[in-house]
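Peer 1: Structure of the sequence below:
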Amino acid sequence: MVASCGRRVSNKGNITGAVPATLPRDAAVQLATLAASCPEGQEWVHEIKLDGYRLLATVHAGETRLTSRNGNDWTTRFGALATSLAKLSCKAAILDGEAVILNEAGVSSFQKLQNALGRDQVGNVVYFAFDLLFLDGLDLRPCTLIHRKELLQKLLDKNVTPQSIRFSDHVRGGGATFNAEACRMGLEGTICKRADAPYTAGRSRSWIKVKCLQRQEFVIVGFTDPSGVRKGLGALLLGVYDGDKLLYCGKVGTGFSTKTLDELYETLLPLQRVKPAVVNPPLGAAAKGIHWVAAKKVAEVSFAEWTEDGAVRHASFQGLRGDKNADEVVRERPIQEVATTKKKVTKATDPVVAGIRISHPNKLLFADVGVNKLDLALYFEKVAPLAVAYLRARPLTLLRCPDGFEKGCFFQKHGNANVPKEILRVTVNETGEGSKEYLMVDALPSIILLVQMGVVEFHVWGSRFPKIELPDVVVFDLDPGPAAEWKDVAITALALRERLAELGLAAYPRFTGGKGIHVVVPLTPRASWADVKSFSLALAQEFVRKAPRSFTIKFAKSGRESKILIDYLRNGRNATAVASYSPRARPGAPVALPVPWEEIEARTSGPLLLSVIQAPAWLEKMGDDPWKGFDGARRTLTKKILTDVGVR
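Peer 2: Next up, the predicted model:
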């Protein structure tokens, strides 16, 4: 596997948005959101929706590694394609594209590709490249799509095998006309992309897919016996996930060749089980002759429509999907609208999240990735058990971006008449300013009420009500200068953990949603604010004394370009740090994400930046609180600890 291109390269070409970096070991793909129609406006570009296998192509030192959308290595399956890509005129690159086989009319055919793979005859596979994530020491993902495609086209113009590697062209604007023509030509549909958006891993609304026919993946949950002259099997029984429940949604009995029927039968036979995997299986006579199978295989199926009771009509089998995981298969529902700069559609009935009505749900808070107010509310609903635990009863400082972070934000520290009365208040005496009213949250509805107000970021005190004067965390904010390398930030965090362990204190890491790391220490709330701040300052100074060329506690940007600022000021009374799981008002809608230490140790190319769309799936995959044991790890900041770091 390719681990690194071996050196950092400066952005000598002044490519706007590009970041000098080593070649990522694993890059996650961006996915499109299903919509009923194409968005209009010149800010959108439109590509033909291809019907093949999505592949990331990592080219390095004359070799190519091809990976599917879920990270499987498919280099061997597409050996000829890998060989052609290895001839590209570059030292290191990551291309995103689709491997297809074209039929006689020049239209990509998934069934032809399936047949070719089954016969090990993939010499006529064509790779349509539509994005460029990395090129010769530069991470291009922060660049705009239109800029990335310009660089991709220049790279492919030098390609020595143009027939097997092609540029996926696009049309700017005119989405409805483009899609109508695509459907007339018998194509699968259209992919619509914001021209000004960065490349963001996971599903987002800056990429939209519009299909000519209803078509999606289904989990195979069973099969029936063949009848008449048919051999192998009769029909496949299909399912989709709704949360953790697998729902039966009908059968597909057409679209099979004789060879396909035999192959499916051989594939499914070992997976048979007595009980159905679906929670709503057919009953009575409808269940006769069904062979239930484990929910492991995924089929792509085209169909006419969904019935009112959630079944597909007039379904036709297209092929097995070896690049899709069964537990990811859900019913695809087109979003109701795609907001553009020219037109915004508002539903007649506002949605309700956690009992709170969301007005103007389609208002874009992160236009670069298409995240709106409703998306933000639904994010908090998904991560509520974790987010509430770290927010509850802490005085807040809120960053409000009512018209989206691109159009300006402002901080709000105190309550006023515009804040809903349901939000908790706590009175705090501020030096020289008298008593001030701070806001707090106690449950998910409180968070959603603040989201309704346009709150994007949640910053919290290091103490909880009623023990406001006794902090229960210490936060060290490791903020790298522009020339500092990620590996040094990670090494610093690990060294800080080790030093804290020597003092008898636990530490937990949090990606800030930017370039830095928070190292958070859980405390028993007994020490004063003065002691906690003195402790954090003394420990930061200890690091600076040992390595003055690497660390600083001075905030002036001049002179710390390659240094790591150890910010200890998060630990003063009235000071705040961004809350765990809070979104950040930055491009891509990233999240301040708590992670286990293994994540810091394993990452080589930069912090884990997950958006509000991506983070819930990552947390669900983890299956547990990344900071499990945090409260149980609280220790008292003793006089001995303070003495050990030179405070007393």
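
Peer 1: quick check: domain ranges of the chain?
Peer 2: Using automatic domain parsing, the domain parsing of the chain gives 19-211, 214-328, 352-368+387-457, 473-644.

Peer 1: Helices along the stretch 151-300 of the chain, start to end?
Peer 2: Secondary structure of the stretch 151-300 of the chain (DSSP state H, counting those that start in this stretch): helices at 175-184, 258-268.

Peer 1: Could you do the stretch 401-550 of the chain as well?
Peer 2: 444-452, 486-502, 529-546.

Peer 1: From the rest of the structure, what touches the longest one?
Peer 2: Put plainly, it is helix 529-546. If you take CB atoms under 8 Å, 6 or more residues apart in numbering as the criterion, helix 529-546 is touched by 462-463, 469, 471, 474-476, 492, 495-496, 499-500, 523, 527, 551-553, 566, 568-573, 637, 641-642, 645-647. All C-beta spots, glycine's among them, are computed from the backbone N, C-alpha and C.

Peer 1: Please identify the most buried of the helices of the stretch 401-550 of the chain.
Peer 2: Of all the helices of the stretch 401-550 of the chain, helix 444-452 has the most neighbours on average by mean count of other CB atoms under 10 Å, namely a mean of 22.

Peer 1: on contacts alone, who are the packing partners of that one?
Peer 2: strand 356-357, helix 373-382, helix 384-391 (3 or more CB pairs under 8 Å, 6 or more residues apart in numbering; DSSP states H and E).

Peer 1: Note down every partner strand of the helix or strand following the first one and its orientation.
Peer 2: In this case it means strand 356-357. The helix or strand immediately downstream of strand 356-357 is strand 364-366, counting by DSSP states H and E. Paired neighbours of strand 364-366 in the sheet (DSSP bridges): strand 371-372 (antiparallel).

Peer 1: contacting residues around the strand it pairs with?
Peer 2: By CB under 8 Å, 6+ apart, strand 371-372 touches 204-205, 339, 361-365, 589, 611-613.

Peer 1: mean confidence score for that strand?
Peer 2: Across strand 371-372, pLDDT averages out at 90.

Peer 1: How about stretch 61-73?
Peer 2: On average, stretch 61-73 scores 88.

Peer 1: Could you do stretch 614-625 as well?
Peer 2: Mean predicted lDDT for stretch 614-625 stands at 88.

Peer 1: just to revisit the earlier point, of the domains of the chain, which is nearest residue 334?
Peer 2: domain 19-211 (4.1 Å; CB to CB).

Peer 1: Return the distance of that closest one from the chain's centre.
Peer 2: Relative to the centre of its chain, domain 19-211 is centred 19 Å away, using CA atoms, centre = their mean, to the nearest Å.

Peer 1: Quick one: classify the closest residue to residue 260 other than its chain neighbours as helix, strand or coil.
Peer 2: Distances taken as CB to CB, 6 or more residues apart in numbering place residue 317 nearest to residue 260, at 7.5 Å, with adjacent residues excluded. Counting by DSSP: H, G, I helix; E, B strand; the rest coil, the backbone at residue 317 sits in strand.

Peer 1: Low-confidence bits of the chain, can you list those?
Peer 2: Judged by pLDDT under 70, the chain has its weakly predicted residues at 1-14, 118-123, 159-162, 335-349, 431-433.

Peer 1: on that earlier part again, can I get the helices of the stretch 401-550 of the chain in CSV including distance to residue 126?
Peer 2: Formatted as CSV, the helices of the stretch 401-550 of the chain follow (distance: least, CB to CB, whole Å):
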stretch, distance to residue 126
helix 444-452, 45
helix 486-502, 37
helix 529-546, 54
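
Peer 1: Check which helix or strand the closest residue to residue 67 other than its chain neighbours maps to.
Peer 2: When the adjacent residues along the chain are set aside, residue 67 lies closest to residue 56, with 4.9 Å between them (CB to CB, 6+ apart). If you go by DSSP H and E, residue 56 is part of strand 53-60.

Peer 1: what packs against the helix or strand that that strand is followed by?
Peer 2: Later in the chain than strand 53-60, the nearest helix or strand by DSSP H and E is strand 63-68. Packed against strand 63-68 by the contact rule (3+ CB pairs under 8 Å, 6+ apart) you find strand 53-60, helix 79-85.

Peer 1: Tell me which of the ones you listed sits most buried.
Peer 2: Comparing these by mean count of other CB under 10 Å gives strand 53-60 as most buried, with a mean of 23.

Peer 1: strands paired with that one, and their directions?
Peer 2: With DSSP bridges as the test, strand 53-60 pairs up with strand 63-68 (antiparallel), strand 92-100 (antiparallel).

Peer 1: what's the most buried one of the ones you listed?
Peer 2: It is strand 92-100: most buried of the strands paired with strand 53-60 by mean count of other CB under 10 Å, with a mean of 23.

Peer 1: Show me what secondary structure element comes after that strand.
Peer 2: Using DSSP H and E, the helix or strand that follows strand 92-100 in sequence is helix 110-118.

Peer 1: what about residue 304, neighbour count?
Peer 2: Per other CB atoms under 10 Å, the neighbour tally for residue 304 reads 12.

Peer 1: er, residue 435 actually
Peer 2: With neighbours defined by other CB under 10 Å, the count for residue 435 comes to 8.

Peer 1: So it sits against residue 415, correct?
Peer 2: No. When contacts are counted by CB atoms under 8 Å, residue 435 is not listed as touching residue 415 (11.8 Å).
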